[in-house]
Structure formats: C-alpha cells, structure tokens
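>>> Could you look at this predicted model? Sequence included:
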Protein chains: 2
Amino acid sequence: MQAVILSIGDELIMGQTIDTNSAWLSERLADLGIMTLYHKTVPDDATAIVLALKEACALSEVVVVTGGLGPTDDDLTRHALAAFLKRPLDLHPPSLERIRAFFKSLGKEMAVINRIQAMVPRGVEVLDNDWGTAPGMKVKVGKVLVFIFPGVPREMMKMAERDVFPLFQNNGDSAVFTEALHTFGAGESTVAEQLGDLMRRDRNPLVGTTVSQGVVTIRIRSEAPTRMLAQKQLAATVKAVEARLGVLIFGRGGETLGGAVGKLAGQRGVKVTTAESCTGGLVAQMLTDEAGASQYFIGGWVVYSNAMKTRELGVPTSLIEREGAVSQAVACAMAEGALRQEAVDWSISTTGIAGPEGGSSGKPVGTVWIAIGHRSKSGISTQAECFHFPGSRTMIRDRAAKTALNRLRLELLK
Amino acid sequence: MQAVILSIGDELIMGQTIDTNSAWLSERLADLGIMTLYHKTVPDDATAIVLALKEACALSEVVVVTGGLGPTDDDLTRHALAAFLKRPLDLHPPSLERIRAFFKSLGKEMAVINRIQAMVPRGVEVLDNDWGTAPGMKVKVGKVLVFIFPGVPREMMKMAERDVFPLFQNNGDSAVFTEALHTFGAGESTVAEQLGDLMRRDRNPLVGTTVSQGVVTIRIRSEAPTRMLAQKQLAATVKAVEARLGVLIFGRGGETLGGAVGKLAGQRGVKVTTAESCTGGLVAQMLTDEAGASQYFIGGWVVYSNAMKTRELGVPTSLIEREGAVSQAVACAMAEGALRQEAVDWSISTTGIAGPEGGSSGKPVGTVWIAIGHRSKSGISTQAECFHFPGSRTMIRDRAAKTALNRLRLELLK
C-alpha cells in the first residue's frame, strides 16, 4: 500500500514555517507497512490544491492532506476538496455546535468567521476535532482513501492516531511492530559501533538510529507473517539492543529524561531540588513536564545573578570572586546550598556560559559545570563535572539540562 | 519567475529526517521575487527522481534539487539526472582531486566509494563544493535552469548563496519582501476580524495569519516591480496592521514573548523575578532563552511543593489551607513574597492545575492563577487573574507561561 502526503500553506511554500507534519505522518505510516511515494507542499491556492489532489489520487491508495482548514480567507483546502469532488459545501451543524462549545470552554464567544470551519463538501465524512476548531474529513475517491486534517501538528497528530492508523493496523499479509529506545550521553556513531551487526540492513527486525536534540534513538521495526511472531522477534531484538547499550538507554517510546529521573526517584522514594544558573529553569521545567512530578520534585531556584546565588543559596561572595561563577567550587556550593535550604535527598546545579557573549579563552561559550548534591546519613556530599557543549545558546542550554538530568539518573541507578 | 524545490532521500520520505532545505530555499527565492510553485520530496529511487524532474521542468523556470549526492549505493540523484538528460556520466577529474584534497585536509584517505561523487552527466556544469565532498551541478533544460546540490544544509546553503541567488539579484520582473508580526492574547479569528479587509486575497501586499503554540502570526508579502516599491508597500501594510492590532503585537521575525519582555524591561531599566508553581520553571526558561537576560532577570523560584511556597516565599500555611494553593490569594502572596525576598521591580507568579490529574469541579484541570507583583515608591502591589487553558499538560503550561509573560509585557507598556 502506498501513500502520498500533501501539505497546504503559503507559510510553508514561502519558507516561513517548516513542515514537520509530513515527516511525522510518513514515519507512522511506514511503521504500519505503508510506504510514502512523495510529499508535496502547495500554496493556499485552490487550483494548486485541486491539481495536487488529482495527482495524489492517481498514484496512491492513501492520501493525507494537512493544512488550509483555518477560519480565514486564505484557508482554501475545504473549497478545493469540494471543487475536486464536484460537490457543494454544506454546513455540518454538529461541527458548528462543537466549535461554539470549544470557544465557550475558553470563556469566549465564537467569531462569525469560524462558521466556515463547520462547512464540508457534501457526502464527506466529518472527523471530530477534540483538540481545536476545524474538524477533519475523510472521503473515498474511487479506491483511494483521502484524509484532510488541520495543519496544527498537535490536532493533526491526535486525529491521525484516532482516525487513520487504526485502519491499517492489520493491513494485509504481514504484521509490523516497532519500538524506539532512547539513549543519552553517547554520539550516534558510538551507539552504532556498539550495536554492530544488529544494524545490518538485511536484518529483520531492522535496527536504525536517529538523533534529535542530543537524544540518540534506536528504532526497531519487526515484520512477520503473524502478530505474535512479529512481537516475539521485536522483544528479542529489544533485549539484544539493551544488552549492548546498558545504562545508555533511559527510556522507550514517549519517555523523556525528566520522566526517567522521576520514575527512578519515585521508585527509590527520594526527593529532588534544582539550583540553576545557565539553564535558567530548564532542568526544573523538564522535571515538571511529567505528570505527578510533585511526588519527587519539591521545586528549586533559578539563581541567575551572582547576588541571588549568595542570598538564596549561601554561595560565598568571596568564592564567586576567587573562582568565578562558572567554576567547580560554585557549582558544588550551589548544589550544597540547595540541600541546606531544603532537606531533600538530591540536588542538581548548573552554572555555565550559554553565549553567544560572555566567553573567554579560559572559559569559552559552552563551558558548563554541573554538580550533583546528595544528602546521606553521613552528611551532604557534592561532585561536579565540567562539560563543553557546541552550538547555539538554545542548544547549549538544552544539552546542559539533559546532561544534568542524566547524571542524576546514573546516580540513582547506582 | 517561478521555482520548484525538490528534495531527495529515503530518510525524508520515511520521516526520519525533517526537510529544512526547501523552506530555506523558498524563503530566499521569494525575497528575490521568485515564487515557489511547490515542494516535492521523493525517495532515493531513480525513476521517481526522473519523473519529479520532468514535472518540475514542465511547470517552472527554476528547479533546485537537494540530496542524493552521497557516495553510497542509495544516492541516485546524479544517475537520475543523467537518465533525465539522456547523457552518460563522465568522470570530472578536477572534482576527484578536490574530494581527495578534502579528505586529506581531515587527515584521511579518500575511500574508493567516494569516486562516484566526481561523476557528472556529460555537458553539465560543475559547481565546486568548498564545504564537503559532492560537487553541485547546473544545467539548462530548454528554458529551465536546474540546480543540483548536496542535501547537507550547510553545504547546500553555501553553494546556493554563491551559485543561485546572485543570478536573480536584479531579475527584472518583480521584487518580493516579507514580514511576520507576532501577536499573543487573541485567537486567530479575532485577529482576522480586526484585520478585516487587509486580509483580502486580491490585495498586495498579501496579509495572512498562522498559529503556532498560542502565538498568532500575521504574515505579509509585498510584491512590486522594484525593490524600493516592494519595501515601501510592505512598510505601509506593516503600519496598517500595527494600527489595527496595537499592543496585541509583541514582536517581529524571530522575536519571542520572553524577548519582548526583556527588551521592554531593558528599555525601562527594571529587573524581574519569577515565582512559579504549575509552570515549573518555564517562565524563567523563556526569559533566559534570550541572550543578555541577566540585564533584567535576576532569577526566581520554582516553588512546586506547598512547603516550599511557605519556606522560601513566606506564603502563610494558613492561607494555603484556607484558599487552596491554586487561588488568587496564594498567587498574590507568591508574587509579593518574591519581591520581599529580592528587591527588584516586578515579579510574575503562577499557580494552577496542569493535569492530567488534580482537577476538581470547582478547579478543573487548566485553571491557572497568574499574578504580577510591582514594587513602586508607595510599596508592593499585586494583581492576579484567573485563566482556564485547554489541552494537554504541556499545552496548559506553555499557555500559562506565555500569558504570564504577556501580562508583564502589557504592564511594562503602560
């Protein structure tokens, strides 16, 4: 089975927005054994959209379209679909009610122009949007199944999960199961070397790697004549990958580093605090992005100024003057100060130069000291390590926060 | 003049890599008055590439292709170009020498497989690659100018800057300039209503809207026979949009809400602190994502537990017991406590239920109290407002943090 992914939008064609929907849809369809023939992006132009639909329907069996369902005059996907199908646009009253209710839940009145979002070409199936205003659509064109979704990634993903992928779960002769294992702390080539022959291209399950924001993910795709066999194969390969990578792996599927730390802290019944300088709240944010974080995270400090490091965490002014704010001594004093302030088990501290300004030859941009503080029966101990992260300010902060979380994870695993 | 952008690669079509090249190329071409008809992504398949080239050359005047020039068996763009042109692949000795020299500069020997990267279809112009191995190519097909570049963004960008854009600098027909104005606090339909006739589809400059994570962006595209006229028109429309939307607009281009608050705080010479509960560090993170944040942001607290709200910010236990942690009184006490703790001008506090658990009928998931504290000559004052944000935990936290920043921005504008 073959698919075509279309994305609609002047902002995409003008390069003001990068299309991430097509990649996401292709990846998920590939997991189900459906190969994507091509992605095509066209502007908010009814003629261009109609032509793109014609081409896609002539060449594939599944067409997924995203974008152009907004309430404004430049959103023309529903008009183009109507023109392509040669059917009129009808008002779909239940969708109008849903859109009204959506605005009401936000304490707002629906604007008049949103009415257009409840219009669908006659005979087209409406796919409810529980996460925004514009409903999706589904229509069979000859033998081709066409889906239309809003361009907002979150809404599109939720609707595709509910309305597209389940249809192809057991499509045809073979079953496909996939797993993603996430690692942090080693580069892609190191991970690949450790995986060795598991990554052979003729192997089933197929093992590949992708990198995103410092996280190297091992993607495993198992295909077999039966579901049971595909799952069994998958489990065996997951085990083999785990045996080779060990503690490099922090989670699976949708799991994050913050979540992995939280899970371990919960299991061990310990509580955590943070004392951040260069990461500016990012470590706390990653920890609290997980539901239930209050069970192990009490809170923390963002001590961005030196004065605040001293006043709130008791880092001696003289120490900052002597060693500099970006130093082993200050990182340790921050981690220790946090534990003296709040009687919990573990603390994480970060202090560094995120740039683009502020670097020197001795401490270039990207230099970050990360300390872990621990309170045990014998008292408070701290240990710090220095890292040099490449890239932009955003990248340096992201890697620093993840490295800090990963260090605590490895401590909790001991 | 119209362009088509093609990108080649299994990793793109499988969704393992997101195509950023097409957006970048389109944006740069639009600035030169060349409109992109469509982007198309096809797999590493010679037939698919040939078909894509045929379609592109039939419809446009400029075709830019990226990807598929690597040294391995799945890199087929040069073979496809040869097939499309019906010409043989010849070795281009100067390119072979360059590739050898490139490896030598890295202290490495060129591998045998890299020899293929010096092969080009007969009669095709070679574009030197000073930043990697594979040279680019340029060929005229009828009236259509076709460029082929490596898929590595850095190499592609450098080569396009040198070999493509200068050709169209004064390309006669028309010049295009664009601007993006970002708003927060009103939905897309409200913004559209306020813009009214400025959004007419037959208008030049063209005005459209897009939404991303709560930010509604107004995109303006001005086209005119000369650069000066296009710029003049653009400036007039920007002014008209600003007149209609007023303080809803917080920034342009790459500017963020955190950056807008920082800019205003810097201009007014005031300092800011944060006291976050449900946003868990996100407000601080957004403020410190901007370089130079230390000029106006001293740091803040993530007081996730009630005990920490009391110990660090002096929020009375009795108040939390009586009103609940998610309440106007506690939001104000947090904002006030932060200002009592650190002698700065403004504070932001957040306390709410980010979910998915923890909601009740009186305080459902998404309920967030946001307070702004201000120290003036007459003392400390606070004011809080209650919001109900829809969506997931991540979305509720994101909107709460942005709303908090936006409230401070509006205060600073007074």
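Structure's in. What do you need? Numbering: from 1, shown residues only, chains lettered A, B, ... in the order given.

>>> Name the nearest residue to A:Leu206, sequence neighbours excluded.
Nearest residue to A:Leu206, sequence neighbours excluded (CB to CB, 6 or more residues apart in numbering or on different chains): A:Arg221, at 4.7 Å. C-betas here are computed from N, CA, C, even on glycine.

>>> Quick check: mean pLDDT of the helix or strand containing the one you found?
Taking DSSP states H and E as the criterion, A:Arg221 maps to strand A:215-224. Strand A:215-224 shows a mean pLDDT of 87.

>>> immediately after that strand, which helix or strand?
The helix or strand immediately downstream of strand A:215-224 is helix A:227-245, counting by DSSP H and E.

>>> the inter-axis angle of that following helix versus strand A:215-224?
150 degrees (axes from the mean of the first three to the mean of the last three CA atoms, to 10 degrees).

>>> buried sites along helix A:227-245?
Buried residues in helix A:227-245, defined by neighbour count with 16 or more other CB atoms under 10 Å in any protein chain shown: A:Ala230, A:Gln233, A:Leu234, A:Thr237, A:Val238, A:Ala240, A:Val241, A:Leu245.

>>> so how far is the strand holding A:Arg221 off the chain centroid?
17 Å (CA atoms, centre = their mean, to the nearest Å).

>>> Adjacent strands (with direction) for that strand?
strand A:175-184 (antiparallel), strand A:206-212 (antiparallel) (DSSP bridges).

>>> Most tightly packed of those?
Among these, the stretch with the highest mean neighbour count (mean count of other CB atoms under 10 Å in any protein chain shown) is strand A:175-184, at a mean of 20.

>>> now what about that strand, what contacts it?
The contact list for strand A:175-184 (CB atoms under 8 Å, 6 or more residues apart in numbering or on different chains) reads A:31-33, A:191, A:214-227, A:229-231, A:234, A:238, A:241-242, A:245, A:248-253, A:255, A:257, A:402-403, A:406.

>>> Repeat that for stretch A:93-110.
Residues contacting stretch A:93-110 (CB under 8 Å, 6+ apart): A:111, A:114-115, A:117-118, A:120, A:126, A:128-129, A:132-133, A:135, B:187, B:189, B:388, B:390.

>>> again, 7 Å this time
Residues outside stretch A:93-110 that contact it (CB atoms under 7 Å, 6 or more residues apart in numbering or on different chains) are A:Asn114, A:Arg115, A:Gln117, A:Ala118, A:Val126, A:Asp128, A:Thr133, A:Pro135, B:His388, B:Pro390.

>>> got it, and stretch A:360-372?
Contacts of stretch A:360-372 with the rest of the structure, by CB under 7 Å, 6+ apart, involve A:278, A:326-328, A:331-332, A:334-335, A:346, A:348-353, A:355-356, A:358-359, A:382-390, A:396, A:400, A:403-404, A:407-408, A:411.

>>> From the residues you listed, list the ones also adjacent to chain B.
Contacts with chain B within the contacts of stretch A:360-372, as defined by CB under 7 Å from any CB of the partner chain: A:Pro356.

>>> Any of the contacts of stretch A:360-372 buried? List them.
Buried residues within those, counting neighbours by 16+ other CB under 10 Å: A:278, A:326-328, A:331-332, A:334-335, A:346, A:348-353, A:355, A:358, A:382, A:384, A:387, A:389, A:396, A:400, A:403-404, A:407-408.
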